[in-house]
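Chemist: Below is the sequence, then the predicted model.
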Amino acid sequence: MKIEDFFRDVPNFPKEGILFKDITPLLLNPKATQFCLDSLTNSLIEKKIDKVIGVESRGFFFGILMAQKLNAGFVPVRKPKKLPYKTISASYALEYGTDSLEIHVDAIQPGDKVLIHDDVLATGGTAEAVCKLVEQLGGEIVQVNFLMELSFLNGREKLAEKDIFAAVTY
């Protein structure tokens with residue numbers, strides 16, 4: 001089975017010139033979802049993961065499944081003003097401007113072993129911001145993983161010293 005066979009290309013979404021990789025066909029197929037989950041977690045089974053972070057919003061799909069499989073807590077990282085308790089935030093650059101992400105102040109304890117999960121590694125700005133949040137709270141990043149990596153956008157450069165895994169690389 002090949003995970004990428006369950007990605008659908010959607011041209012010109014969300015704007016002209018972008019080829020969007022839609023993961024909803026993957027989510028519709030339980031066997032493909034399980035195969036993908038296994039791919040994302042097989043190398044982590046022997047490692048002690050305390051928390052799995054899912055990055056809003058497509059990182060939530062597999063993030064919660066990974067947390068359950070690894071017997072770890074799940075931590076959502078969200079856009080500003082979406083979390084109800086006290087938060088810290090980190091900003092990152094967009095093509096035009098900046099955005100930020102937030103995490104609850106008590107989500108990560110010092111020394112927690114953390115797995116960060118998002119759907120796509122593109123330019124690396126989002127993942128870099130999440131790494132900063134985890135480290136600010138005293139967590140130790142075990143791995144940053146993704147359903148797919150768009151390697152031509154060089155996102156790994158922003159995560160230079162992190163263990164990175166992508167189930168599919170373009």
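Modeler: Cool, got the structure.

Chemist: all helices for the chain, in order.
Modeler: Counting by DSSP state H, the chain has helices at residues 24-28, 30-41, 59-69, 125-136.

Chemist: name the helices or strands packed onto the third one?
Modeler: The reference is to helix 59-69. helix 30-41, strand 51-55, strand 73-77, strand 113-121 (3 or more CB pairs under 8 Å, 6 or more residues apart in numbering; DSSP states H and E). In short, each C-beta sits where N, CA and C put it, glycine included.

Chemist: Could you do the first one as well?
Modeler: In terms of contact count using 3+ CB pairs under 8 Å, 6+ apart, helix 24-28 is assigned the packing partners helix 30-41.

Chemist: Any idea what the residue sitting nearest the centre point of the chain is bridged to?
Modeler: Centroid-nearest residue in the chain: Asp118, 1.6 Å away (criterion: CA atoms, centre = their mean). Taking DSSP bridges, one finds Phe146 as the beta-bridge partners of Asp118.

Chemist: can you tell me how far it sits from Asn12?
Modeler: Going from Asp118 to Asn12 by CB to CB, to the nearest Å gives 23 Å.

Chemist: Between the two ends of stretch 114-134, how far is it?
Modeler: Start and end residues of stretch 114-134 are separated by 8 Å (CA to CA, to the nearest Å).

Chemist: can you give me how far that stretch is from the chain middle?
Modeler: Relative to its parent chain, stretch 114-134 has a centroid offset of 6 Å by CA atoms, centre = their mean, to the nearest Å.

Chemist: Before I go, just wanted to say thanks for your time.
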